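> Below are the sequence and a predicted model for it; my questions follow.
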Amino acid sequence: MVNGKGSGPGLWAAVVLALLGVLLLPPAPASAAGKPTVTLSKSQAGKGGSVTVKGAGWRPNALLMLLICGQSKPGRGVIGGTGSCANSEGRAVTTDKGGAFSKRLPVAEPPKPCPCVVHVATVTGKKARADAAFKVAGHPVEPLPEHAESGSLSTLTGTGTGLDGSSGLLTWFGAPPRRTLAFTVDNVGSEPVKDPVFQVGTSHGVFAPQWEERPWRGTIAPGKKARIELPVELSAGAHGDYLVSLKFGGEILAEQPWEVGRPWGATVFWILLCLVVPAAVFRLGMAAIDHLRHPPGRHRGGRPLSSGTSRGAPPGARGTARPAGDGPRSP
């Protein structure tokens, strides 16, 4: 019984032990918290020094790349992509089973001026990134562009990314092939992305992509997703295996292969043209030769001249036929 003798102290002891067990439970792994985080052992260091980078909330056993990047700010991402980072001094690290890591990173001056960040991003698998503000002592500082791309967009795999559309009759005769690149992006930053400008590139074989800017009108709030469709067009008569690439903020977001069929209609047209034109030229040439070899008879008054008509006789005069064997008459 609860109110029995000696039961009070035992009940309170059980309650105290239960509370201690709850308080002493190990904390939930950082990966369950949601977004990955990055912390630094120091906020400033000069070239030649080092900083310890720690992270939590990443995927277990994920391969990450650590870089010091200029012209960057947490929430706006790396403006200009990895071209703004000290790539030669970057370091790779693999997270543990709990999604955490710790890595010593040498300090180097990035090719772009500060403000700078320590940029951490996944190398393989689902894309994730995080930035921590960092000051490189002695490195120049310049204000960030007002309308720079934030670089905080990430494409979502398995959401129908691909090329929509089909070739028409004109494409069969050599018209430029057209498609629509459809994909879904996720704003993984802390600030909204307004009217982003993407870059779409097409490459064929070993040649480098030809990039063209494709603006998109709209605003993507932090943590929100958006379905985007951008036009893609090749040159006239293009055929073979192409690769369509999507880039934003200097980073490749997606790549999609495109197999373009040969424009057989144009091929048939040129074959027929090569056969018809020589045949027509041959017929015209033969007609000209026949005209030169057999000129038509001269006409007078709309009728051909008879063989018995004297060339020197006046008009209306007719020649008199003479019987055979008659000699000239005497006067």
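Received the coordinates, thanks.

> Below-threshold pLDDT in the stretch 1-150 of the chain: ranges please.
Low-confidence segments of the stretch 1-150 of the chain (pLDDT under 70): 1-34, 80, 146-150.

> Would you map the helices across it?
7-23 (DSSP state H, counting those that start in this stretch).

> Going along the chain, name the strands of it.
37-40, 44-46, 50-56, 63-69, 72-73, 77-78, 91-94, 101-106, 116-122, 129-137 (DSSP state E, counting those that start in this stretch).

> For Val232, find the nearest of those strands.
Comparison of the strands of the stretch 1-150 of the chain against Val232 by CB to CB identifies strand 77-78 as nearest, at 25.0 Å. Placement of C-beta: from N, CA and C, glycine included.

> ok, back up a step: so which of the strands of the stretch 1-150 of the chain gets nearest Val268?
strand 116-122 (50.1 Å).

> Quickly run through the sheet partners of that closest one, with directions.
Within its sheet, strand 116-122 is paired with strand 63-69 (antiparallel), strand 129-137 (antiparallel), according to DSSP bridges.

> Export these as TSV, with columns for distance to Tyr242 and mean neighbour count.
Below are these laid out as TSV (distance: least, CB to CB, whole Å; neighbours: other CB atoms under 10 Å):
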stretch	distance to Tyr242	mean neighbour count
strand 63-69	29	23
strand 129-137	29	20
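
> Any chance of those in TSV with distance to Ser43 as columns?
As requested, those are exported to TSV (distance: least, CB to CB, whole Å):
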stretch	distance to Ser43
strand 63-69	13
strand 129-137	6
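
> Out of the ones you listed, the one nearest Arg214 is which?
Closest among the strands paired with strand 116-122, using CB to CB: strand 129-137, at 22.6 Å.

> Neighbouring strands of the very next helix or strand once past the closest one in the sheet, and parallel or not?
Using DSSP states H and E, the next helix or strand after strand 129-137 towards the C-terminus is strand 153-155. Strand pairing for strand 153-155, using DSSP bridges, gives strand 178-187 (antiparallel).

> about what we covered before: redo the strands of the stretch 1-150 of the chain as CSV? Include distance to Val260.
Shown next, in CSV, are those (distance: least, CB to CB, whole Å):
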stretch, distance to Val260
strand 37-40, 43
strand 44-46, 51
strand 50-56, 43
strand 63-69, 34
strand 72-73, 38
strand 77-78, 34
strand 91-94, 37
strand 101-106, 44
strand 116-122, 32
strand 129-137, 34
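
> quick one on the thing from earlier: the strands paired with strand 116-122: which one's closest to His204?
Of the strands paired with strand 116-122, nearest to His204 by CB to CB is strand 63-69, at 29.4 Å.
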